[in-house]
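Student: how would this look folded up:
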Amino acid sequence: MHGEILRHAGADVEDVRKGQTVFVSGAIGTHMYIVIEGQIEIRIGERVVDIVSPGGIFGEMALLDDRPRAATAISLGNGKLLRMDEKQFLKLVRESPEFSLKVLRTVVERERRADALGGIAVKKSA
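Tutor: The predicted model follows:
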């Protein structure tokens, strides 16, 4: 899927270092991310609510609504991310049904986990 994303959306590759904060809770989000290498820890407060591994996405909610970020994302090691802005995201949604389905499944999975746990989702995603 990574090659398809680069071809269709023109997404930017971003290198991250261990411990680097990708975004913080409360910030206005302008990008979503797909993990190419490494893992990203998603935290709400001090609680780890997700670990996103290669092929997984995070930060997608910022491109679906106009609300501040609900979580903080921190790199667990050195890695690479594809970073997409809203224009790139919308282009890919229009051109790739597989990508659109992945985003929908990710959002639904996180919402179900949050509901099951009283509003806080906890699970590793691929």
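Student: residue closest to the middle of this protein?
Tutor: residue 58 (0.9 Å; CA atoms, centre = their mean).
Student: Quick check: it vs residue 52, distance?
Tutor: The gap separating residue 58 from residue 52 is 5 Å, by CB to CB, to the nearest Å. For the C-beta atoms, the positions are set from N, CA and C on the backbone; glycine is no exception.
Student: Overlap of the contact sets of these two?
Tutor: Jointly contacting residue 58 and residue 52 under the rule CB atoms under 8 Å, 6 or more residues apart in numbering are 35, 40, 42, 73.
Student: ok so the third one is a strand residue?
Tutor: Pointing back at residue 42 there. Yes - when classified by DSSP: H, G, I helix; E, B strand; the rest coil, residue 42 is found to be part of a strand.
Student: quick one, what contacts it?
Tutor: 48, 49, 50, 51, 52, 58, 71, 72, 73.
Student: Swap in 7 Å and give it another go.
Tutor: 49, 50, 52, 58, 71, 73 (CB atoms under 7 Å, 6 or more residues apart in numbering).
Student: And for the first one?
Tutor: The contact partners of residue 35, by CB under 7 Å, 6+ apart, come to 52, 53, 54, 55, 56, 79, 81.
Student: that's a strand at it, yeah?
Tutor: Yes - counting by three-state DSSP, residue 35 is part of a strand.
Student: follow-up on the earlier one: tell me what the residue nearest to the centre of the chain is bridged to.
Tutor: residue 33 (DSSP bridges).
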